[in-house]
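> Requesting a structural model of the entry that follows:
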Amino acid sequence: MGEMEAKLQMYLKAMMKNEGSDLHLKATAVPRIRLHGVLKTLGKELFSATMMENLAKEILTPDQYKKLVADKQLDFSYVIGTEGRFRANFFYQMNGLSSVMRIIPVDILPLEKLKLPPIVDSFAEISRGMILVTGVTGSGKSTTLAAIIDRINDTQEKHIITVEDPVEFVHPDKKCLINQRGVGEDTLSFAAALKAALREDPDIILVGEMRDMETIEIGLHAANTGHLVFSTLHTMDAKETIDRIIGTFGAEEQPRIRLALASVIEGILCQRLIPTIDGGRVAAIEILKKTARIEQLIMEDRDAEIPDALAEGKEIYGTQTFDQALLDIYDQKKITKEMALENATNPSDMLLKMQGVGKGAIVKDIDPNAEVDVFGFKDEEE
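I've put the predicted structure just below:
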């Protein structure tokens, strides 16, 4: 092990000990870790451009280093024995090389420990169609997907193929047979691996990300031919997710894709991590579950009505908008009023609900024996 790799491992272990999520190394800068969503300096050592180049040469294979120099950036995996796995990236910037390494938890948390809404459990019982988990980078998409796959692995006898860039959570074979393929190492692209997977007798296919038109097209086809397809997108809510998928295609193709998506989509989970009062973070999740109404809205290009449909289906179907999830977390006193309003999709509507408008609070103060209805109007005598 070289001098710079030993130094890297020291910083990575310090990050893990402090429960950080990402290590940032930059030529001409002090190392930083992301702790509960905020960047903090780690030590006082200033990394030079030469140090960063030496680090890259020590931890990359010769072919990987050549690719980094040629492409000016590189995605790869880094492992410290059995202690930690990291999703890593090198890229050039004006002062030299920079690197970001995100920890991939070794242990897959069960759905129960993630404290997700109960309806999420039902997504592990669906046999065919498409389920998408969306959100910005670092919102916990991979953790949620890993928990769902692990539940299936514990309870069903299936063949699961994952295509990831890179492979993150490693799933041992339990009741399921699981083949995990890394883009760049085990396959050339998401689309190539997904196309090949259709000939490899899978029951379930996990595609790390719906990155391009070809991957989306093959994914829709796989879901339409009896497979269960899981994937992710970097979208903020269910409506944007649907619009993003359809908008990837040209205008002449969009009606066909819209019909295909309406037919196969079984669920969309849109996650955001919100800072909590106690200094941690909690997931607020918008949930779309396929219903006859949702399918009709997608088919008829009435995406703007989807948020209302999700809100109205909360009690019956377990669906919810992001703001409903946020309000529930606020009512549980996990986040501040300011944080709820700052992260709300519709802050003014959120404020009204906090004040009881639309939540039924006005009804609670009504004397059931009074001659006044819930709107405050006195009955007229005939």
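> End to end on stretch 269-283, go ahead and measure it.
11 Å (CA to CA, to the nearest Å).
> residues near residue 331, how many?
A count of nearby residues for residue 331, using other CB atoms under 10 Å, gives 13. C-beta coordinates here come from the backbone N, C-alpha and C atoms, glycine included.
> The helix or strand where residue 205 lies pairs with which strands?
Here residue 205, judged by DSSP states H and E, is contained in strand 204-207. Sheet pairing of strand 204-207 (DSSP bridges) gives strand 159-164 (parallel), strand 228-233 (parallel).
> need the ones you listed in CSV with mean neighbour count and mean pLDDT, can you?
Formatted as CSV, those follow (neighbours: other CB atoms under 10 Å; pLDDT from 0 to 100):
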stretch, mean neighbour count, mean pLDDT
strand 159-164, 23, 96
strand 228-233, 24, 97
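> As a markdown table, the ones you listed with distance to residue 177 would be great.
Below are these laid out as a markdown table (distance: least, CB to CB, whole Å):
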| stretch | distance to residue 177 |
| --- | --- |
| strand 159-164 | 5 |
| strand 228-233 | 15 |
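> who wins for proximity to residue 147 among those?
Closest approach to residue 147 among the strands paired with strand 204-207 is made by strand 228-233 (11.6 Å; CB to CB).
> Other residues contacting the closest one?
126-135, 141-142, 145, 148-149, 203-210, 219, 222-223, 241, 244-245, 264 (CB atoms under 8 Å, 6 or more residues apart in numbering).
> Assumed residue 88 was part of a strand.
Yes: according to DSSP: H, G, I helix; E, B strand; the rest coil, residue 88 belongs to a strand.
> Tell me the confidence at it?
On the pLDDT scale, residue 88 is placed at 93.
> Repeat that for residue 353.
At residue 353, pLDDT is 88.
> So it belongs to a helix, correct?
Yes: counting by three-state DSSP, residue 353 falls inside a helix.
> Tally up the residues packed near it, please.
Neighbour count of residue 353, defined by other CB under 10 Å: 20.
> what separates it from residue 310, distance-wise?
Using CB to CB, to the nearest Å, residue 353 is found at 15 Å from residue 310.
> One more: residue 54?
52 Å.
> who's more crowded, the two?
Of the pair residue 54 and residue 310, residue 310 is the one with more neighbours under other CB under 10 Å, namely 25 against 17.
> I'd say the more buried one and residue 287 touch.
Yes: if you go by CB atoms under 8 Å, residue 310 and residue 287 touch, sitting 7.1 Å apart.
> which residues do the two both contact?
Both residue 310 and residue 287 are in contact with 319, 320, where contact means CB under 8 Å, 6+ apart.
> buried ones in stretch 297-306?
Across stretch 297-306, burial judged by 16 or more other CB atoms under 10 Å covers 297, 298, 303, 306.
> Which neighbouring elements make contact with the helix or strand harbouring the first one?
Same thing as residue 297. Assigned by DSSP H and E, residue 297 belongs to helix 292-299. Under the contact criterion of 3 or more CB pairs under 8 Å, 6 or more residues apart in numbering; DSSP states H and E, helix 292-299 touches helix 254-264, strand 265-275, helix 306-312.
> please redo it, this time with the cut-off set to 10 Å
If contacts are counted by 3 or more CB pairs under 10 Å, 6 or more residues apart in numbering; DSSP states H and E, helix 292-299 sits against helix 238-247, helix 254-264, strand 265-275, helix 306-312.
> and the ones you listed, which is most packed in?
With neighbours defined as mean count of other CB atoms under 10 Å, the helices and strands packed on helix 292-299 peak in mean count at strand 265-275, which reaches a mean of 23.
> quick check: angle from whichever helix or strand comes after that strand to helix 238-247?
Next along the chain after strand 265-275, taking DSSP H and E as the criterion, comes strand 281-289. Counting by axes from the mean of the first three to the mean of the last three CA atoms, to 10 degrees, strand 281-289 lies at 60 degrees to helix 238-247.
> what angle sits between strand 281-289 and strand 265-275?
160 degrees.
> buried stuff in strand 281-289?
Applying 16+ other CB under 10 Å to strand 281-289 flags 281, 282, 283, 284, 285, 286, 287, 288, 289 as buried.
> Show me what it is packed against.
helix 119-122, strand 129-134, helix 141-155, helix 238-247, strand 265-275, helix 306-312, helix 314-317, helix 322-331.
> what mean pLDDT does that strand have?
Averaged across strand 281-289, the pLDDT comes to 94.
> Next: stretch 3-22.
The pLDDT scores in stretch 3-22 average 94.
> list the buried ones in it?
In stretch 3-22, counting by 16+ other CB under 10 Å, buried: 4, 5, 7, 8, 9, 11, 12, 15, 16, 20, 21, 22.
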